[in-house]
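> predicted model follows, preceded by the sequence.
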Amino acid sequence: MLRKLALWVGITAMLALGWSAWYAYTPTGRGPFPVEAHVEPGSSFRAVAKQLHALGVVEHPLAFTLLGRLTGQATQVKAGSYLFEAPVAPTELLRKLTQGEFLLGKITFIEGWTFRQMRAAIDRHPHLRHDTAGLDDMGLLAELGIEASHPEGLFFPDTYYFDIGSSDKALYLRAYHAMQQVLQQAWESRAEGLPYRTPYEVLIMASIIEKETGVPEERPRIAAVFVNRLRLGMRLQTDPTVIYGMGERFDGNLRKVDLATDTPYNTYTRVGLPPTPIALPGAASIRAAVNPEASRVLYFVSKGDGRHHFSETLDEHNRAVARYQRNQP
């Protein structure tokens with residue numbers, strides 16, 4: 001009798017081990033796939049197993065819970081969002097959960113965007129938690145702990161990946177610290193004799209360069225024009241600053257009356273840099289601002305193909321304007 005019992009126990013144990021091995025390494029899950037799952041911080045492994053079962057990722061939540069405890073991985077699950085595109089074996093599922101192979105959100109801030117455009121992109125992103133919703137710009141800066149009087153230009157334009165469901169505050173701070181790092185590196189490597197008193201003035205200049213040309217190789221020469229004008233006390237006379245100062249009044253057409261209407265950003269009526277950046281400058285424009293081309297150019301005019309003709313004298317500039325803007329020989 002005891003032999004028979006031992007035999008049955010042995011057979012049962014072997015069957016259990018066989019089933020366990022089969023279960024552990026066989027993809028299961030009824031879906032429908034793909035499935036997104038979000039593991040909240042502090043969730044118990046049992047709760048995670050039940051959640052994944054409800055989503056159709058785990059077929060046997062009790063067996064999955066036991067597997068996690070037996071392997072010691074039940075306490076190593078990382079909170080975050082996960083994507084399951086097809087049935088997955090429990091051992092592979094445990095690996096994903098403990099190594100934090102999160103489903104990542106993605107957002108891109110374009111060089112030359114204004115802060116208003118950046119904030120609109122953040123506010124409408126479906127995978128962010130919008131903790132700053134309802135705050136005005138100054139309230140947002142205060143919430144982030146950023147000591148500044150204006151948000152424009154403070155955030156680095158780039159592509160950012162983030163855990164789905166994370167706070168928009170974390171994203172703002174990443175972009176802010178990225179800009180501070182790029183700006184500080186540029187400030188430390190700046191050429192001698194530039195007419196900037198602070199890194200913030202570099203940021204202002206870089207934003208103007210960013211808006212004036214989309215041609216990478218032109219940026220150092222564009223920078224040379226504005227740096228030379230600052231040195232001589234000439235007005236910068238750059239349209240993008242006027243447009244920025246007009247705000248919502250700008251309808252797509254810049255008129256002579258707009259150039260003559262004074263605002264803090266009108267560089268046709270005021271000498272020097274505007275009070276703040278006018279856009280999000282990229283790294284190339286920042287580098288150009290601190291290392292402009294060694295040139296005596298003071299003027300430039302669009303050729304109509306995205307590029308510019310540069311001139312050292314007003315006479316040469318007027319001839320270029322006649323040629324490229326007025327179609328005169």
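Perfect, thanks for sending it. Residues are numbered from 1 along each chain as shown.
> just the helices in the stretch 101-250 of the chain please.
Taking DSSP state H, counting those that start in this stretch as the test, the helices found in the stretch 101-250 of the chain are 115-123, 137-144, 168-188, 199-212, 219-232, 239-246.
> residue 143 is in contact with residue 135, correct?
Yes: counting by Cβ atoms under 8 Å, residue 135 does reach residue 143; the two are 6.0 Å apart. Just so you know, the C-beta spots here come from the backbone N, C-alpha and C atoms, and that holds for glycine as well.
> sorry, back to before: so which of the helices of the stretch 101-250 of the chain gets nearest residue 315?
Minimum separation from residue 315 across those (Cβ to Cβ) falls at helix 219-232, 16.4 Å.
> quick one, the closest one and helix 199-212 angle?
130 degrees (axes from the mean of the first three to the mean of the last three Cα atoms, to 10 degrees).
> mean confidence score for helix 219-232?
The pLDDT scores in helix 219-232 average 97.
> stretch 282-295 now?
Stretch 282-295 shows a mean pLDDT of 97.
> any buried residues in it, and which?
For stretch 282-295, burial by neighbour count (16 or more other Cβ atoms under 10 Å) applies to 282, 283, 284, 285, 286, 287, 288, 289, 290, 291, 292, 293.
> likewise for stretch 214-230?
Buried-residue list, stretch 214-230, by 16+ other Cβ under 10 Å: 218-230.
> now those in TSV, with distance to residue 86?
Supplementary listing: those in TSV, determined by distance: Cβ to Cβ, whole Å:
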residue	distance to residue 86
218	49
219	47
220	51
221	53
222	51
223	52
224	56
225	57
226	55
227	57
228	61
229	61
230	60
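> name the nearest of the residues you listed relative to residue 318.
Scanning the buried residues of stretch 214-230 for proximity to residue 318, where the rule is Cβ to Cβ, the winner is residue 225, at 15.7 Å.
> follow-up on the earlier one: restricted to strands, list the buried residues of stretch 282-295.
Among these, DSSP state E puts none in strands.
> between those, which sits nearest residue 66?
Among these, and counting by Cβ to Cβ, the member closest to residue 66 is residue 283, at 51.8 Å.
> touching, the closest one and residue 179? I think so.
No: taking contacts as Cβ under 8 Å, residue 283 lies outside contact range of residue 179: 9.5 Å.
> overlap in contacts of those two?
Common contacts of residue 283 and residue 179 (Cβ atoms under 8 Å, 6 or more residues apart in numbering): residue 156.
> follow-up on the earlier one: which one, of the helices of the stretch 101-250 of the chain, ends up nearest to residue 305?
The nearest among these, by Cβ to Cβ, is helix 199-212 at 15.0 Å.
> and the closest one, which residues are buried?
By neighbour count on 16+ other Cβ under 10 Å, the buried set for helix 199-212 is 199-212.
> also stretch 244-260?
Applying 16+ other Cβ under 10 Å to stretch 244-260 flags 244, 245, 246, 258 as buried.
> compute the first-to-last residue distance for stretch 208-218.
One end of stretch 208-218 sits 13 Å from the other (Cα to Cα, to the nearest Å).
> do the same with stretch 83-98
Stretch 83-98 has an end-to-end distance of 14 Å (Cα to Cα).
> so what touches that stretch?
Under the criterion Cβ under 8 Å, 6+ apart, residues 23-29, 31, 33-37, 39, 48, 52, 57-58, 63-64, 67-68, 71, 73, 76-78, 82, 101, 103 lie in contact with stretch 83-98.
> name the element residue 92 belongs to?
Secondary structure from DSSP states H and E places residue 92 in helix 90-99.
> buried set for that helix?
Of the residues in helix 90-99, 90, 93, 94, 96, 97, 98 count as buried by neighbour count, 16+ other Cβ under 10 Å.
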